[in-house]
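Q: Let me see the structure of the following:
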Amino acid sequence: MSTPHPSARATPAPAPAVRAGRAVRKAVIPAAGLGTRFLPATKATPKEMLPVVDKPAIQYVVEEAAAAGLDDVLMVTGRHKRAIEDHFDHAFELEQALAAKGDTVRLDAVRDPARLASIHHIRQGEPLGLGHAVLCARRHIGDQPFAVLLGDDLIDPRETLLSRMLDVRDRLLGSVVALMEVPPGQIHRYGCAAVEPTGEEGVVRVTGLVEKPAPQDAPSRYAVIGRYVLDPDVFTVLERTPPGRGGEIQLTDALEQLASGGTVHGIVFEGLRHDTGDKADYLRAVVRPACERPDLGPEFVAWLRGFLGELDGTRPGHRDVAA
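A: Numbering: from 1, shown residues only. A predicted model of the protein is given here:
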């Protein structure tokens, strides 16, 4: 692990008092982005609805929340995101058609999204950043702690990251962020955390946060990834947080103020994660579960081995495109 450095901010604003612990039951999933990195595929289709094998990416995120015991999910969407609402609603005509044919397997698959949790939707009127999207959830969340799951980050369902974060929140209160150590050349793509040890393996205290720093300015190599468990006092801080990098209200800036009061902890995650906002990683997110599926894996893996053999010229069917 890299050596943590102290926060660079000299005169932080006073942090609000931390509320007493209570069970976290609500999750917020910001899903208002335009998905410009995947144009033209996302011109008419929300990026969150791009398929990972046979389910849209955002369904995996809701399944993760439900598996951790979060049974109330608020989607913060924008214009042209109606497909997300429809996916997590009942499709009565389709369900009736499948039931009439006795196709119980597909019927269950169609019904599953609506049964995962109590799902609500609200629109973010203006694209003012992640911090603003979280602030839009204030009325629904009230004074309860809550989780935020970004739809671009897919965590392998065998991992227990979110459950670990909820446990740390229950024990230590405050807010909890998920951290991954990344190469120095990638830290400019993330919020970056300055940390100090707590004495508990895999748990650190966050002493400062910087949004997308240049490598030479990064306080560590710990990147904040798209999982948060937040104290409701973050809303008060977000209300007075001015637009930051990119002219947007950054959640990182609000958490920086909370961190100055010692109320933010981090879970260092070393498991399997895919950033589906990146084209290459999106493809990996599709290929890996396809290979592991018992109904698809054997045939797909055999084809994949043959295809890779063709690419390196060791299998029949290879064509030298330079010839």
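
Q: show me what contacts residue 121?
A: 74-75, 77, 84-85 (C-beta atoms under 8 Å, 6 or more residues apart in numbering). From N, CA and C alone the C-beta is placed, and that goes for glycine too.

Q: sec struct for residue 257, please.
A: For residue 257, the assignment made with DSSP: H, G, I helix; E, B strand; the rest coil gives helix.

Q: That one and residue 47: what is the separation?
A: 30 Å (C-beta to C-beta, to the nearest Å).

Q: Per-residue pLDDT of residue 79, please?
A: Note for residue 79: predicted pLDDT of 81.

Q: gap between it and residue 46?
A: Counting by C-beta to C-beta, the gap from residue 79 to residue 46 is 10 Å.

Q: Over to residue 209?
A: 29 Å.

Q: hang on, the earlier thing: output the contacts of residue 121 as JSON lines; include the columns secondary structure, distance to residue 156 and neighbour count.
A: Shown next, in JSON lines, are the contacts of residue 121 (DSSP: H, G, I helix; E, B strand; the rest coil; distance: C-beta to C-beta, whole Å; neighbours: other C-beta atoms under 10 Å):
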{"residue": "74", "secondary structure": "strand", "distance to residue 156": "24", "neighbour count": "23"}
{"residue": "75", "secondary structure": "strand", "distance to residue 156": "22", "neighbour count": "25"}
{"residue": "77", "secondary structure": "strand", "distance to residue 156": "25", "neighbour count": "24"}
{"residue": "84", "secondary structure": "helix", "distance to residue 156": "23", "neighbour count": "23"}
{"residue": "85", "secondary structure": "helix", "distance to residue 156": "27", "neighbour count": "13"}
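
Q: ok, of these, which one's closest to residue 64?
A: residue 75 (14.2 Å; C-beta to C-beta).

Q: pretty sure that closest one is touching residue 29, no?
A: Yes - the pair residue 75 / residue 29 is scored as a contact, 5.2 Å apart, by C-beta atoms under 8 Å.

Q: check contacts around residue 104.
A: Here residue 104 is in contact with residue 98 (C-beta under 8 Å, 6+ apart).

Q: Apologies, that question was intended for residue 221.
A: 2, 181-184, 187, 192.

Q: from those, which has minimum pLDDT?
A: Among the contacts of residue 221, pLDDT bottoms out at residue 2, giving 43.

Q: Report the beta-bridge partners for residue 266.
A: residue 177, residue 204 (DSSP bridges).

Q: List the contacts of it.
A: Contacts of residue 266 by C-beta under 8 Å, 6+ apart are 176-179, 193, 195, 203-206, 222, 224.

Q: all strands of this protein, in order?
A: Remark: strands assigned in the chain by DSSP state E are 26-31, 51-52, 55-56, 72-77, 118-123, 146-149, 153-155, 175-181, 191-197, 203-211, 222-230, 264-268, 273-275.

Q: and the fifth one, average pLDDT?
A: This means strand 118-123. 94.

Q: Please renumber the chain so that the first residue is 20 from this point on.
A: All right, first residue 20 from here; so that's strand 137-142.

Q: Pull up the pairing partners for it, direction included.
A: Here strand 137-142 is paired, per DSSP bridges, with strand 91-96 (parallel).

Q: the inter-axis angle of the strand it pairs with versus strand 45-50?
A: 20 degrees (axes from the mean of the first three to the mean of the last three C-alpha atoms, to 10 degrees).
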